[in-house]
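**Q** Below are the sequence and a predicted model for it; my questions follow.
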Amino acid sequence: MRTLSKSKLMAYRQCPRRLWLEVYQPALREDSAATETSFQTGYGVGDLARKIYDPDQTGRLIDIQKDEFENAFNLTQKFLGQKLPIFEAGFKAQGALAFADILLPHKKRWRMVEVKSATHIKDYYYEDIAVQTFVAQASGLSLAQVAIAHIDNSWVYPGNSDYRGLLKEVDVTDEALSRQSQVQGWIREAQSILAGGGEPKVTTGEQCGSPYECGFYGHCSALEPQAKYPIRWLPRFSDSAYRSQGIIDLSDLPSTVSLNQTQQRVKDCTLSGTPWFDAAGAAVDLANHVLPGYFLDFETINPGIPTWKGTRPYQQIVFQFSLHRLGKRGKLEHNEFLDLSGNDPSRACAESLIDACGEVGPVFVYNAAFEKARISELSERFKKLSKRLLAINDRIVDLLPIARNHYYHPSQQGSWSIKSVLPAVVPELSYQSLAGVQDGGGAQGAFLEAIHPDTTADRKKQLGSQLLAYCKMDTYAMVRLWQVFAGKTLWKL
């Protein structure tokens, strides 16, 4: 009988096929950059939690990376006798094994705390903690309480490495104990799958991204029939019922299926291969927004563990902006801000933004909710700048709904992101021509590398150049989109 880790059991709970692949074909797993980032955040929060729960550093850490599992289990039993906090305590019983983030002495019993980097308790955490509780108790551990500690995103970092208050603890003892018989069933079912005759036949579906993104999606989807024009390109359209019937291509979608105007347009343009452009409607929407106009884009970082005093967990902190100014006669000027000092860039960014945006003229963005939220947050933090920052918000004009309402090209594949629309509207421009940074995730990674104390001056300079080029491309792309949508295609910019 195979002993299953908690992570394997959680993989089973998501999808039996994922469990099988995790055990027998782990090399096929390809985690996304977002998944890797979440892993790194989790590791950082786990490290910090040990300091929060053990400020005097008297506890014992079992290093799973260095210690073999059996040695880890033996060390756990040894440390339990010392009645000190234990981190990554290992337990094995009844066909499963698990490691507890935090064990704290509680009179003659123990209190177990699982640490999560999310800002609230997610439903699947209850299954996670139930497995943890089952294995620990089956190993003989006497538990007085089981809790989940998650990040409190309303907490404001006071500075000086004081992270007390970052984590909010929730007692889940009753919930964990109520699922113990279920856990036994999960273990039996998972072991049966692994002892079976091969890879389970499970089609891709909603489970591939819930409760977390599966790194085997590429493998599984490649084994299925491939659509030339996937139904999933239809925006806000649930395709699960049709997939179950074997309908995966737009060309096979019955004409009787009710689609909204946008979905129908995507379908028609895709199947005909013909773009659609309501040039008159786009020009009318932009007619009242007279030049000079400003084209603005932010780049942000949102660390789960706040870096700078006065900021909250996962708060979007603007470290860079690009701003193009287009005059009434077509003269184009550029302004930019980038802070790679490692200090909080917020106030300098806010002041530079006020200076760059002037006092009159529309400020064009692509997806206004994001930029307006960042400006509002800056106004809340810096009261003396609030009036001028909010005045910029009052001038913001969103190009995204203009693109969505008046333009579609088959190459967009159901997306109106600027990186999908730009190559369709202005094919001579491409983010692929940029060196290094080509998307927002890459910008965040470049920023973090640039401000790291071990980064050389030459590398920092290189990263800075890449960041500036990328953000400048974003706002120049908006200028070119505005030019087409406003009917100014004869202008030379």
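**A** Received the coordinates, thanks. Not measured: the values here are computed from a predicted model.

**Q** so what's the closest residue to Gln82 other than its chain neighbours bridging to?
**A** Of all residues beyond its chain neighbours, the one nearest Gln82 is Arg60 (7.1 Å), with distances taken as CB to CB, 6 or more residues apart in numbering. Yep, even glycine has a C-beta here, placed from its N, CA and C like the rest. Note on Arg60: beta-bridge partners by DSSP bridges are Ile86.

**Q** My read is that Arg60 contacts Phe79, right?
**A** Yes: contact criterion CB atoms under 8 Å: Arg60 and Phe79 qualify, at 4.4 Å.

**Q** Quickly list what's touching both of the two.
**A** The overlap between the contact sets of Arg60 and Phe79 (CB atoms under 8 Å, 6 or more residues apart in numbering) consists of Ile86.

**Q** quick revisit: and the residue nearest to Gln82, how many neighbours?
**A** Using other CB atoms under 10 Å, Arg60 has 18 other residues around it.

**Q** Please report the distance of it from Asp47.
**A** The gap separating Arg60 from Asp47 is 15 Å, by CB to CB, to the nearest Å.

**Q** again with Lys460
**A** According to CB to CB, Lys460 and Asp47 sit 26 Å apart.

**Q** got it, and Ala96?
**A** 26 Å.

**Q** and what of Asp249?
**A** 48 Å.

**Q** These two: which is more packed in?
**A** Asp249 (16 against 13).

**Q** who touches that one in this structure?
**A** By CB under 8 Å, 6+ apart, the residues touching Asp249 are Ala227, Lys228, Tyr229, Pro230, Ile231.

**Q** Would you map the strands across the protein?
**A** 4-5, 60-61, 86-93, 96-106, 109-116, 143-151, 167-171, 276-277, 293-301, 317-326, 332-338, 363-365, 396-398, 407-408 (DSSP state E).

**Q** Using TSV, please lay out the ones you listed together with distance to Gly159.
**A** TSV is the format used below for these (distance: least, CB to CB, whole Å):
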stretch	distance to Gly159
strand 4-5	39
strand 60-61	27
strand 86-93	26
strand 96-106	25
strand 109-116	22
strand 143-151	18
strand 167-171	18
strand 276-277	52
strand 293-301	18
strand 317-326	15
strand 332-338	24
strand 363-365	32
strand 396-398	32
strand 407-408	47
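
**Q** Could you report the pLDDT at Lys66?
**A** Looking at Lys66, its pLDDT is 63.

**Q** for Leu490, same thing?
**A** For Leu490, the model assigns a pLDDT of 63.

**Q** Gln320 is in contact with Phe298, correct?
**A** Yes: contact criterion CB under 8 Å: Phe298 and Gln320 qualify, at 7.0 Å.

**Q** Going by neighbour count, list what's buried in stretch 296-308.
**A** For stretch 296-308, burial by neighbour count (16 or more other CB atoms under 10 Å) applies to Leu296, Asp297, Phe298, Glu299, Thr300, Ile301, Pro303, Gly304, Ile305, Pro306.

**Q** Next, the last one: phi, psi?
**A** With angles defined as degrees, to the nearest 10, Pro306 shows backbone torsions of phi -60, psi 140.

**Q** who wins for proximity to Tyr242 among the strands of the chain?
**A** Smallest distance to Tyr242 across the strands of the chain (CB to CB): 21.6 Å, for strand 407-408.

**Q** for that closest one, packing partners?
**A** Contacts defined by 3 or more CB pairs under 8 Å, 6 or more residues apart in numbering; DSSP states H and E place strand 407-408 against helix 261-272, strand 276-277, helix 418-425.

**Q** Phi first, then psi, for Gly273.
**A** phi 70, psi 20.

**Q** Just give me the neighbour total for the closest residue in space to Thr300 that isn't next to it in sequence.
**A** Nearest residue to Thr300, sequence neighbours excluded (CB to CB, 6+ apart): Gln316, at 4.3 Å. Using other CB under 10 Å, Gln316 has 15 other residues around it.

**Q** Next: Val131.
**A** Neighbour tally, Val131, other CB under 10 Å: 27.

**Q** now swap in the one 4 residues further on and tell me
**A** For Val135, the number of neighbouring residues by other CB under 10 Å comes to 27.
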